[in-house]
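Colleague: sequence and predicted model, in that order:
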Amino acid sequence: MIKNDIDVTKIPVVMELIERAAELMEEKDCHSDKDAKWKLEELQRELREISGNKKLQVKNFKRYWSYTNLKTMAEKALMTPPTKSELTDAQIKEIVLNIMNHSEAEMDWWLLYLKINTGLDNLTDYIFYPELVGLNLPDTLELSDMLAQVADKIIADRH
């Protein structure tokens with residue numbers, strides 16, 4: 001099974017860098033203020049260095065608090081971006097059946113991983129709004145049974 005382990009010892013440093021970047025973007029115009037722009041670029045460089053993700057965009061942390069928390073953002077920053085691989089039906093089913101057993105950051109990573117590897121742009125609908133993809137599941141269905149049916153639908157619909 002694919003692993004997406006992060007170095008938890010880096011979380012406090014990454015949290016501090018993200019918070020500094022978010023505050024800077026909130027307080028200054030980082031496009032026209034040369035000093036603020038330079039500071040933001042430096043924070044991005046530091047975040048890329050510590051995370052190992054050369055594509056990480058510091059601007060993605062602007063107003064993170066409106067939809068998540070700082071620790072989740074730090075965990076996401078430390079995760080290796082998901083890539084395309086050849087998933088078997090059994091692997092897809094295993095991921096879907098275990099999707100709810102992860103932290104918010106990990107769940108988001110697995111959802112993106114499935115999206116990339118199934119070609120389903122509306123992958124989150126399958127998990128959270130199955131009726132939108134044609135699954136009419138009874139409310140009395142156990143979560144594991146519901147997720148098994150969702151996994152079967154994802155497998156059937158993937159590109």
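Modeller: Received it, and whenever you're ready, just let me know what you need.

Colleague: output the below-cut-off pLDDT ranges for this structure.
Modeller: 1-3 (pLDDT under 70).

Colleague: quick one, helices of it?
Modeller: Using DSSP state H, the helices of the chain run over residues 11-27, 34-51, 70-78, 89-98, 104-118, 123-128, 143-157.

Colleague: need the winner for burial among these.
Modeller: helix 70-78 (a mean of 22; mean count of other CB atoms under 10 Å). For every residue, glycine as well, the C-beta is placed using N, CA and C.

Colleague: please export the C-alpha coordinates of that helix as CSV.
Modeller: Extracted C-alpha coordinates of helix 70-78, given in CSV (Å, rounded to 0.1, in the frame of the first residue of the first chain):
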residue,chain,number,x,y,z
LEU,A,70,-2.7,25.6,11.1
LYS,A,71,-1.6,22.1,12.0
THR,A,72,-3.5,20.6,9.1
MET,A,73,-1.9,23.1,6.7
ALA,A,74,1.5,22.2,8.0
GLU,A,75,0.8,18.5,7.6
LYS,A,76,-0.4,19.1,4.0
ALA,A,77,2.8,21.1,3.3
LEU,A,78,4.9,18.2,4.4
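
Colleague: which residues are in contact with that helix?
Modeller: 6-7, 10-12, 14-15, 18-19, 47, 50-51, 53, 56, 61, 64, 103-106, 108-109 (CB atoms under 8 Å, 6 or more residues apart in numbering).

Colleague: count of neighbours near Leu135?
Modeller: 15 (other CB atoms under 10 Å).

Colleague: to Asn136, which of the helices of the chain lies closest?
Modeller: helix 143-157 (10.1 Å; CB to CB).
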